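A.B. asks: A predicted structure for the sequence below; I have some questions about it.
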Amino acid sequence: MDVLKKLEKDKDRFYFLSKEAADYILNLMKARDVKTVLEVGTAKGYAAILFAMNCESVTTVEKYTQQYKTALDNILASKLNNIKIIHKDFLDLDLCCKFDMVFIDGNKGETLACFKKALKFVNNDGLIIVDDIEKKKHRMEDFLKYVNNFNHMKLNIGHGLAIVNPLH
Ligand SMILES: C[S@@+](CC[C@H](N)C(=O)[O-])C[C@H]1O[C@@H](n2cnc3c(N)ncnc32)[C@H](O)[C@@H]1O
């Protein structure tokens with residue numbers, strides 16, 4: 001897809017989900033039959049578009065106006081009609097539905113707060129995935145300690161991933 005290729009060459013590529021992490025998550029989504037995804041932190045829409053090509057629907061939340069507008073343009077260019085983008089701070093968001101997977105990739109210093117909030121939005125057998133746990137570990141020490149209360153794995157893939165089965 002042209003828009004994905006364009007984003008893979010983007011000057012901000014290193015902020016997006018890495019290729020290795022994307023491959024791992026897409027395989028996991030297939031194995032776990034993930035149909036619905038909630039993403040915290042859209043940026044330019046790279047991961048949202050990738051996930052949407054591999055599941056039924058993606059809801060993605062972006063706080064900042066410039067990123068929101070750029071992501072909206074990229075989502076429209078992708079011609080995918082299964083992505084809902086919400087322009088809001090995730091920490092102020094109220095949703096009535098739950099998702100098979102929540103992907104947390106927002107402000108790293110807010111990871112613990114986002115994780116606690118994400119617990120309300122995940123289905124019984126669902127997953128919460130947190131990106132950048134290696135690259136940005138100094139900004140999420142509280143989360144990395146707290147997650148030990150849950151069934152989880154920490155993987156050195158891409159920028160580091162935490163895969164959490166919160167309700168098991
Ligand atoms: C690392 S980038 C996301 C990259 C994207 N997930 C991808 O892989 O293509 C982080 C994004 O999260 C957004 N963000 C930070 N804190 C947020 C919050 N509390 N709610 C929603 N978006 C947030 C930032 O504006 C930024 O665009």
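C.D. replies: That came through, no problem.
A.B. asks: can we go C-alpha only for contacts and neighbour counts from here?
C.D. replies: Noted.
A.B. asks: can you give me the helices in the protein?
C.D. replies: Listed in chain order, the helices of the chain (DSSP state H) span 2-8, 19-31, 46-52, 65-78, 111-118, 141-146.
A.B. asks: So which bits of this protein are right by the ligand?
C.D. replies: Within the chain, the positions adjacent to the ligand are 15-17, 40-47, 61-64, 67, 88-91, 105-107 by CA under 6 Å from any ligand atom.
A.B. asks: Just give the closest residue to His168, not the sequence neighbours.
C.D. replies: Asn151 (6.3 Å; CA to CA, 6 or more residues apart in numbering).
A.B. asks: Please report the distance of that neighbour from the ligand.
C.D. replies: Using CA to the nearest ligand atom, to the nearest Å, Asn151 is found at 23 Å from the ligand.
A.B. asks: ditto for Asn74
C.D. replies: In terms of CA to the nearest ligand atom, Asn74 sits 11 Å off from the ligand.
A.B. asks: quick one: contacts for that residue?
C.D. replies: Neighbour list for Asn74: Val3, Lys44, Gly45 [criterion: CA atoms under 8 Å, 6 or more residues apart in numbering].
A.B. asks: my read: Glu20 touches Ile157, true?
C.D. replies: Yes: if you go by CA atoms under 8 Å, Glu20 and Ile157 touch, sitting 6.3 Å apart.
A.B. asks: Would you mind telling me which of those two has more residues around it?
C.D. replies: Legend: neighbour count by other CA atoms under 10 Å for Glu20 and Ile157, higher for Ile157 (19 against 12).
A.B. asks: Torsion angles phi and psi at the residue lying closest to Glu20 once chain neighbours are set aside?
C.D. replies: If the residues on either side of it in the chain are set aside, Glu20 comes closest to Gly158, at 5.3 Å by CA to CA, 6+ apart. Dihedral angles of Gly158 (phi, psi; degrees, to the nearest 10) stand at phi 60, psi -120.
A.B. asks: Specify the beta-bridge partners of the spatially most central residue of the chain.
C.D. replies: Nearest to the geometric centre of the chain sits Phe103, at 2.8 Å (CA atoms, centre = their mean). Beta bridges link Phe103 to Glu39, Ile129 when assigned by DSSP bridges.
A.B. asks: got the contact list for it?
C.D. replies: Val37, Leu38, Glu39, Val40, Ile128, Ile129, Val130, Asp131.
A.B. asks: repeat that for 10 Å
C.D. replies: Residues in contact with Phe103, defined by CA atoms under 10 Å, 6 or more residues apart in numbering, are 25, 37-41, 47-48, 60, 115, 118, 127-131, 162-163.
A.B. asks: Need the pLDDT of it.
C.D. replies: According to the prediction, Phe103 has pLDDT 98.
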